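Q: only the shape, not the letters, is given here:
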């Protein structure tokens, strides 16, 4: 996901820009993964936090 090279930037400036964009993209990916993990953890915890359903009154007969 590189941007087209700009003619008004030196090679060093372009390299610095590419590095910064790569760091930002990595940070965004890490944040997305962290947020997805938080949602998964919340979804797993939610059933545990709810009241337990009443025990079934049915009995198994053989």
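A: Arrived safely. Everything quoted here is computed from the prediction, not taken from an experiment.
Q: sketch out the low-pLDDT regions of the chain for me.
A: For the chain, residues meeting the criterion pLDDT under 70 lie at 1-7, 47-62.
Q: helices of that one, start to end?
A: Under the criterion DSSP state H, the chain carries helices at the ranges 11-49.
Q: give me the neighbour count for residue 14.
A: Counted with other CB atoms under 10 Å, the neighbours of residue 14 add up to 16. (Glycine included, C-beta is placed from N, CA and C.)
Q: how far away is it from residue 42?
A: Distance of residue 14 to residue 42, computed by CB to CB, to the nearest Å: 42 Å.
Q: next: residue 27.
A: 22 Å.
Q: and what of residue 15?
A: For residue 15 relative to residue 42 (CB to CB), the value is 41 Å.
Q: again with residue 22
A: 31 Å.
Q: got phi/psi on residue 9?
A: Residue 9 has phi and psi values of phi -100, psi 140 when expressed as degrees, to the nearest 10.
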